[in-house]
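> any chance you could fold what I've pasted below:
(chains A and B)
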Amino acid sequence: MTATSLSSDPLVAAYDELLPVLTVDGLPGFEELRAAAIRRYRESGIPTTRDEEFKYTPLHALTETKYRFGYGANLTREDVSGLLLGDVDAITVVFVNGQFAPDLSSTDSLPNGAYIGSFSEATEFEDDIKAHLGSIAHFDGRLGSTNDLRFVDLNTAYLGDGTLVFLEKNVAVERTIHIVHVVSASEVAALSFPRILIVLGENAEAKVIESYVTFAGNGVTIPVTEVRLAASARLEHNRLQNESLASTHIANIFVDQATTSVYTSNNINFGASVSRCDINAYVGGEHCETWLNSANVAAGSQIIDNHTRIDHAQPNCQSFEVYKSILKDNGVGVFNGKIFVYEDAQKTDAKQTNQAILLSPTATMNTKPQLEIFADDVKCTHGATIGQLREDALFYLRARGIPLAEAQGLLVYAFAAEVLEKITIDEVRGKLEAALFEKLAS
Amino acid sequence: MLTITDLSARVEEKEILKGINLTINPGEVHAIMGPNGSGKSTLASVLAGRSDYEVTGGSVELFEQDLLELEPDERAAEGLFLAFQYPVEIPGVTNTYFLRSAINAIRKYHGQEDMPPKEFMALVKEKAALMELDPAMLSRSVNEGFSGGEKKRNEIFQMAMLDPKFCVLDETDSGLDIDALKIVANGVNALRGGDRGILVITHYQRLLDYIVPDFVHVLMDGRIVKSGGKELALELEEKGYDFIKEEVAARA
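Residues are numbered from 1 along each chain as shown, chains lettered A, B, ... in the order given. Purely as a prediction, here's the structure:
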């Protein structure tokens, strides 16, 4: 890329002017991390469809539309509770346009040994944040071709405030932890770089929802979430992306698992014009479980792109991955699932499934499983199906009196609802089921 | 109530039903028996309207309506119920949701309002008890992970819930142990009586010990070759299908 086009990259055009503001907003001591990240980002810039990892996902919106930081937006609790999942009973951390909103958050009455809140208020945990932040979101020393890090670098370059979930050894938080990112913009879209760090100590346990929703206007949201699970820690990591339909959302999640930890991701994407989510799980201990579940609905001209990467670096671990997409109208789905089984990772049991239902002749699904196995005693399977609804199930429903259109609707719903069933927080699952129903009916 | 006249049907290029004639009056229970490949399940599928089967001749009337003109869901709404030989698993749809959708779809067809939730739940409770179904099964996905016996009980439970006018039981006894068979038969017998017609399709006589038919028909090579009372089933059990084959050969 030439120097001229670099300077015109609107994502970093005003970076040098903004830098002093960023340092005020978050914790001190991240200067080097930011500087290295912006340097790496500037070497490559915005990916194009010529980049393998963005082949089906054009990012024109980042160069052709207007957006800016939207600090200072004022929302009330009522505004937030009216949004999807906005009223879930939970320990809640709210960010509006990337800015922490203490008045909208509810983080009191935490158990001992737990911190859930913003970086800016986590002064006691400064060292912990420094120890982990940025140390999970990388591919150093990993096998094979990697997923793209440009938006991770960009997010780190803009590192300011963020959310920390920190549980000490043996701490189990029973209440749901909800991290909400709301976009509230006018005619110009709001740019934000949400950052989340989740660190669970040995044998700690939590259920988190990370949600991205829109109050008004559109967003350009580029989040990075880092998750570190110590031995025997268990995390249910639910994620909802339901931003307005002209938004751009590019998320990266990195997970680092120690021995016997269990990580479950339930990744739900209904919103945005371009929705991209990469999940990279590094399984660095034995006897771990990694569950990646995902339900996606693309309607209109939405593009919903999911990339996953699981690194099985140690023996005796299991991973189960089920990614489902429903594509209507001109909707486009993309799935790229990488699984690496390292030479030492004998007895790995990895199962990957990608299924899509196309509801119109102009909907598209691009799917690419990518398994690279360097151990010899492993069980790795993958399957991708792209199709219409099951005839036998349709007939069964009709034979009970349910008319064709309704039967089709029910089966499409059920296809995705099967993923929602993995969410163990009843209130959240119920609301997402209703949202799915509505999204399919529209 | 059900009149089948000279019905023939094929799957792809293969002629399976070759002229079936059968009349079932209100309140009667008929059994159709026959060896494998005789066309028993094809008949059930054609009645319910499965699209893999092409009707090549004849007619079927249910309550003086041309059944073959109706869509599968319209047939169900008109009161036809097929208990499937292989009930289908539908992950993601709970039994309760499925049944409520079915009941309300049929009510809508008849221009009625949805069933009030309270009434629905009371009905579910009553019929689940009849079929000795664990209430926990109702909130599970339709047939998903059910044992063979549970699936068949679930079929008859649905039948009890939908209160059809005419029932076709397609090999409902297959894959059942004796306890499950009794529960299923009890459920069916509880639905006997009044004007409801029942057509039991089975390979073995065993089921007919519990659901005693008024009439028995033997289906062979796509035709009903012999009809009689319930004693015909016992005769078949004793002598096998060969004696009928010989009779048919002698007639020809």
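> isn't B:Asp52 right up against B:Ser45?
Yes: if you go by Cβ atoms under 8 Å, B:Asp52 and B:Ser45 touch, sitting 7.3 Å apart. Every C-beta, even on glycine, is put in place using the N, C-alpha and C of the backbone.
> between those two, which one's more packed in?
B:Ser45 (23 against 11; other Cβ atoms under 10 Å in any protein chain shown).
> quickly list what the residue lying closest to that one once chain neighbours are set aside is bridged to.
Nearest residue to B:Ser45, sequence neighbours excluded (Cβ to Cβ, 6 or more residues apart in numbering or on different chains): B:Tyr53, at 5.4 Å. For B:Tyr53, the beta-bridge partners under DSSP bridges are B:Val11.
> hang on, isn't B:Tyr53 packed against B:Glu12?
No: the pair B:Tyr53 / B:Glu12 is not scored as a contact, 9.7 Å apart, by Cβ under 8 Å.
> by proximity to chain A, which residue of chain B wins?
Across chain B, the shortest distance to chain A (Cβ to the nearest Cβ) belongs to B:Gly92, at 3.0 Å.
> so who does the closest residue to A:Gly285 other than its chain neighbours touch?
Spatial nearest neighbour of A:Gly285, chain neighbours left out: A:Thr259 (3.2 Å); criterion: Cβ to Cβ, 6+ apart. Neighbouring residues of A:Thr259 by Cβ atoms under 8 Å, 6 or more residues apart in numbering or on different chains: A:Ala231, A:Ser232, A:Gly285, A:Glu286, A:His287, A:Cys288, A:Gln314.
> those residues: which two are farthest apart?
A:Ser232 and A:Gln314 (14.5 Å; Cβ to Cβ).
> which element is A:Leu245 on?
Using DSSP states H and E, A:Leu245 sits in no helix or strand.
> that one reaches A:Gly271, doesn't it?
Yes: between A:Leu245 and A:Gly271 a contact is recorded at 6.7 Å, counting by Cβ under 8 Å.
> related to what we said a few turns ago, need the contact list for the residue nearest to B:Ser45.
B:Tyr53 neighbours (Cβ under 8 Å, 6+ apart): B:Ala9, B:Arg10, B:Val11, B:Ile16, B:Thr42, B:Ser45, B:Val46.
> you'd agree the second one is up against B:Gly39?
No: taking contact to mean Cβ under 8 Å, the distance of 10.4 Å between B:Arg10 and B:Gly39 leaves them out of contact.
> of the two, who's got more company?
Comparing B:Arg10 with B:Gly39 by other Cβ under 10 Å, the one with more neighbours is B:Gly39, at 23 against 17.
> give me the pLDDT for that one.
B:Gly39 is assigned 94 on the pLDDT scale.
> contacting residues for it?
Going by Cβ under 8 Å, 6+ apart, the list of residues near B:Gly39 reads B:Ile16, B:Leu17, B:Lys18, B:Ile20, B:Leu219, B:Asp221, B:Gly222.
> neighbours around A:Asn316, how many?
16.
> quick one on the thing from earlier: so how far is A:Gly141 from the residue nearest to the residue of chain B closest to chain A when sequence neighbours are not counted?
For B:Gly92, ignoring the flanking residues on the chain, the nearest one in space by Cβ to Cβ, 6+ apart is A:Ala414 at 3.0 Å. From A:Ala414 across to A:Gly141, the span is 42 Å (Cβ to Cβ, to the nearest Å).
> look at those two and report which has more neighbours.
A:Ala414 (22 against 8).
> and the host helix or strand of that one, what does it pack against?
Counting by DSSP H and E, the element that carries A:Ala414 is helix A:404-420. Applying 3 or more Cβ pairs under 8 Å, 6 or more residues apart in numbering or on different chains; DSSP states H and E, one finds that helix A:404-420 makes contact with strand A:262-269, strand A:289-298, strand A:318-327, strand A:349-358, helix A:391-398, helix A:426-441, strand B:90-94, helix B:95-109.
> how about the helices in the chain?
You didn't say which chain, so I picked chain A. With DSSP state H as the criterion, chain A has helices at A:3-7, A:15-25, A:31-44, A:60-64, A:77-81, A:126-132, A:150-157, A:391-398, A:404-420, A:426-441.
> try chain B instead
B:40-48, B:72-77, B:95-109, B:117-130, B:148-162, B:178-190, B:206-210, B:231-239, B:242-251.
> for the residue in chain A that chain B sits nearest to, which residues are in contact?
With Cβ to the nearest Cβ, the shortest gap between chain A and chain B falls at A:Ala414, namely 3.0 Å. A:Ala414 makes contacts with B:Ile90, B:Pro91, B:Gly92, B:Val93, B:Ser141, as judged by Cβ under 8 Å, 6+ apart.
> which parts of chain B sit against chain A?
B:48-51, B:71-73, B:75-77, B:82, B:84, B:87-93, B:98, B:101-103, B:105-106, B:109, B:141, B:158, B:162 (Cβ under 8 Å from any Cβ of the partner chain).
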